[in-house]
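1. Got a predicted structure here, sequence first:
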Number of protein chains: 2
Amino acid sequence: MAAEIEDYYVQQDKMYVATDCIIFGFDEGNLKLLIFRRRVKPLLGSWSLIGSFVKLNEDVGEAAKRVLKEITGLENVFMEELRTYGAAERDPGFRCISIGQYALIRINDYDKELVEIHGAHWYDLEEVPDLVLDHNTMVKDALSRIRRKARYKPIGFELLPEKFTIPQLQQLYEAIYNKKIDSRNFRKKVLSLNVLTKLDEKDKYNSRRGAYLYKFDHKNYQKLQEFGFNFEIS
Amino acid sequence: MAAEIEDYYVQQDKMYVATDCIIFGFDEGNLKLLIFRRRVKPLLGSWSLIGSFVKLNEDVGEAAKRVLKEITGLENVFMEELRTYGAAERDPGFRCISIGQYALIRINDYDKELVEIHGAHWYDLEEVPDLVLDHNTMVKDALSRIRRKARYKPIGFELLPEKFTIPQLQQLYEAIYNKKIDSRNFRKKVLSLNVLTKLDEKDKYNSRRGAYLYKFDHKNYQKLQEFGFNFEIS
DNA sequence: TCAAAAGTGTTACAAATACACCCATGT
DNA sequence: ACATGGGTGTATTTGTAACACTTTTGA
């Protein structure tokens, strides 16, 4: 009888566990999504999120980091679980659940190259094509998550380069919330958080006058991360 | 070569997928957690969350609902995914990831009996004993989730019976936030949401004078669910 | 009559919103 | 000199926070 109970595990079903990364970047004033052409059957050649099966000896989070590094060369990226996609019929092959994880990345030229080498591509969010399986749903869900989360955690900042201007930060939030923000109120609110250090440099890429560059005060930024803040925007 | 690619799935690892339910109730002014004694080895007899393996032909969400119904007799319960517990070493037996799902339940006497029959027990949150595996972590995580979510979704209301008093609702929020709330401000805020319908009945269980019972205006309540609201409390 | 919980309003303060003009610079 | 985006201040409104007494009724 004890043996029967001990055999309980063995009687259970095993299945594949995958993870798919919803990778966001911010460039040219737009939110972008990193997708690539699937290299295995079925659905070979279709656009897809970047993902991988989870190995027996590997944490789910590790699997996502592994595949993200493979394709973007990046480590220590902001990545967080979105949710499980666990419908019985979601994969036309054998039963496979997938854990969606979204990542926020600072796009730069070096990574752009690496990404192309792997057959990946940054797409404007509005122009994302049909993706395999339920991947379009994952993207939609991840976007909702970011929109909500940006209201109380400074995750938007994960998408900016080390030095950035306040108009850039505003553009980013405009892209996330998908609406125009009053620049006076935005500036007031952002500066009141006490996480920005003004530099002596200007970025003249977008205007003749140039905009002051800022960087983060990492100590205070860390506090924001931990305790959250209120960043509702009219 | 094509065959090799098609064999890609077959080369992958399969594992067990479980789901564990973090079931909250509200009774006698306290948040409670439903746990039960594990009926299988290993760890037979230890306190544990209520869970189950996910079957091959079953959605992850369905699995959670199945086991919840088995033990509480309840259907159509508020249940939502918490997150995946996917560490490689989390289960001492064979590799098994678990998807935590938290549920909010209206405790009533009928269900109390059913629960006891299944060897389950409602514990005050402060008195929850050591649970197997990472289940205590799941409880902690679920509680944080509820605390955050209660600020913008009316989930607290899921824990109340159909008819309830405003002092009860306040007690509930005091239990969730773990702090005292000013009753005048609370009442003002709750009533301003326009989701409560005052009944002519009074509940005299807690006081001689009795407190008016209310129920939800389901149409407006639905809107709150969809769009969220701001329920920060001092 | 008293104990115990229910119910009620106002004032002070803080934060969010709405709004329009001058500045700096490269061409 | 002008076009373009960068940068600044104030008044109004809205919402949050703090605060104490009266009412009801069963025992």
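-> Now that the structure is in, tell me what you want to look at.
2. Contacts made by the helix ranked longest in chain A with the rest, please.
-> The longest helix of chain A (DSSP state H) is helix A:135-149. For helix A:135-149, the external contacting residues (C-beta atoms under 8 Å, 6 or more residues apart in numbering or on different chains) are A:20, A:22, A:24, A:33, A:48-49, A:82-83, A:85, A:100, A:102, A:104, A:125, A:128, A:130-131, A:155, A:176-177, B:152. Placement of C-beta: from N, CA and C, glycine included.
3. Now, of those residues, which are buried?
-> Applying 16 or more other C-beta atoms under 10 Å in any protein chain shown to the contacts of helix A:135-149, the neighbour count classes A:20, A:22, A:24, A:33, A:48-49, A:82-83, A:85, A:100, A:102, A:104, A:128, A:131, A:155, A:176-177, B:152 as buried.
4. Among those residues, name the ones in strands.
-> Counting by DSSP state E, these place A:Asp20, A:Ile22, A:Phe24, A:Leu33, A:Ser48, A:Leu82, A:Arg83, A:Tyr85, A:Gly100, A:Tyr102, A:Leu104 in strands.
5. could I get those as TSV with pLDDT and distance to chain B?
-> Compiled in TSV, those are given as follows (pLDDT from 0 to 100; distance: C-beta to the nearest C-beta, whole Å):
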residue	pLDDT	distance to chain B
A:Asp20	98	13
A:Ile22	98	15
A:Phe24	96	20
A:Leu33	96	22
A:Ser48	96	13
A:Leu82	98	9
A:Arg83	98	5
A:Tyr85	98	9
A:Gly100	98	10
A:Tyr102	98	13
A:Leu104	95	18
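6. Kindly reformat the residues you listed as TSV containing distance to DNA strand D.
-> Listed next are those as TSV, based on distance: C-beta to the nearest atom of the strand, whole Å:
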residue	distance to DNA strand D
A:Asp20	36
A:Ile22	29
A:Phe24	22
A:Leu33	25
A:Ser48	36
A:Leu82	29
A:Arg83	29
A:Tyr85	35
A:Gly100	32
A:Tyr102	28
A:Leu104	22
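7. Domain ranges for chain A, per the record?
-> As given by automatic domain parsing, the domain ranges for chain A are A:16-149, A:155-227.
8. Now find how far off-centre the last one is within its chain.
-> Domain A:155-227 has its average C-alpha position 19 Å from the chain's average C-alpha position, going by C-alpha atoms, centre = their mean, to the nearest Å.
9. Rounded mean pLDDT for it, please.
-> Mean pLDDT, domain A:155-227: 93.
10. That domain close to chain B?
-> No - Domain A:155-227 is not in contact with chain B by C-beta under 8 Å from any C-beta of the partner chain; minimum separation 12.0 Å.
11. now do the same end-to-end measure for that domain.
-> 13 Å (C-alpha to C-alpha, to the nearest Å).
12. Give me the nearest residue to the most centrally placed residue in chain A, chain neighbours excluded.
-> Among the residues of chain A, the one closest to the centroid is A:Ala103, at 2.4 Å (C-alpha atoms, centre = their mean). Excluding the flanking residues, the one nearest A:Ala103 by C-beta to C-beta, 6 or more residues apart in numbering or on different chains is A:Met79, at 4.2 Å.
13. helices and strands around the helix or strand hosting that neighbour, which ones?
-> In this structure, A:Met79 sits in strand A:78-85 according to DSSP states H and E. Applying 3 or more C-beta pairs under 8 Å, 6 or more residues apart in numbering or on different chains; DSSP states H and E, one finds that strand A:78-85 contacts strand A:14-27, helix A:60-72, strand A:96-105, helix A:135-149, strand B:78-85.
14. Other residues contacting it?
-> By C-beta under 8 Å, 6+ apart, strand A:78-85 touches A:20-22, A:60-61, A:64-65, A:68, A:97-105, A:134, A:137-138, A:141-142, A:145, A:155, A:158, B:60, B:81, B:83-84, B:99.
15. got the angle for that strand vs helix B:60-72?
-> For strand A:78-85 against helix B:60-72, the angle by axes from the mean of the first three to the mean of the last three C-alpha atoms, to 10 degrees is 70 degrees.
16. I'd say the residue nearest to the centre of chain A and A:Lys69 touch.
-> No - contact criterion C-beta atoms under 8 Å: A:Ala103 and A:Lys69 do not qualify, at 10.9 Å.
17. List the buried residues of stretch A:174-181.
-> Neighbour-count burial for stretch A:174-181, counted by 16+ other C-beta under 10 Å, picks out A:Glu174, A:Ala175, A:Ile176, A:Tyr177, A:Ile181.
18. ok, which of those also contact DNA strand D?
-> Checked against DNA strand D using C-beta under 7 Å from any atom of the strand, these give no members in range.
19. Please produce a markdown table containing the residues you listed, extended by distance to DNA strand C.
-> As requested, the buried residues of stretch A:174-181 are exported to a markdown table (distance: C-beta to the nearest atom of the strand, whole Å):
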| residue | distance to DNA strand C |
| --- | --- |
| A:Glu174 | 14 |
| A:Ala175 | 18 |
| A:Ile176 | 15 |
| A:Tyr177 | 11 |
| A:Ile181 | 9 |
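20. which ones among those residues are found in helices?
-> Reading helices off the buried residues of stretch A:174-181 with DSSP H, I get A:Glu174, A:Ala175, A:Ile176, A:Tyr177.
21. Kindly state the beta-bridge partners for the closest residue to A:Ile50 other than its chain neighbours.
-> Excluding its sequence neighbours, the residue lying closest to A:Ile50 (C-beta to C-beta, 6+ apart) is A:Cys21, at 4.9 Å. Taking DSSP bridges as the rule, A:Cys21 bridges to A:Ile50, A:Gln101.
22. Please give me every residue in contact with A:Cys21.
-> A:Cys21 touches A:Leu49, A:Ile50, A:Gly51, A:Ala64, A:Val67, A:Leu68, A:Met79, A:Gly100, A:Gln101, A:Tyr102, A:Ala103, counting by C-beta under 8 Å, 6+ apart.
23. and of these, the nearest to DNA strand D?
-> Proximity of the contacts of A:Cys21 to DNA strand D (C-beta to the nearest atom of the strand) peaks at A:Ala103, which lies at 27.2 Å.
24. now for stretch A:169-185, what's the gap between its first and last residues?
-> Stretch A:169-185 end-to-end distance (C-alpha to C-alpha) = 13 Å.
25. can you check stretch A:55-64 too?
-> First-to-last residue span, stretch A:55-64, C-alpha to C-alpha: 11 Å.
26. Kindly report the same for stretch A:52-67.
-> Chord length of stretch A:52-67, first to last residue, is 7 Å (C-alpha to C-alpha).
27. Would you mind listing the buried residues in it?
-> Buried-residue list, stretch A:52-67, by 16+ other C-beta under 10 Å: A:52-55, A:58-65, A:67.
28. go on, stretch A:133-153?
-> A:133-135, A:138-139, A:141-143, A:145-146, A:149-153.
29. Equivalent analysis for stretch A:69-89, please.
-> Quick answer for stretch A:69-89 (16+ other C-beta under 10 Å): A:71-72, A:74, A:77, A:79-88.
30. related to what we said a few turns ago, so which of the helices and strands packed on strand A:78-85 is nearest DNA strand C?
-> Per C-beta to the nearest atom of the strand, nearest to DNA strand C of the helices and strands packed on strand A:78-85: helix A:135-149, 15.6 Å.
31. helix or strand right after the closest one?
-> Helix A:135-149 is succeeded, C-terminally, by strand A:164-165 (DSSP H and E).
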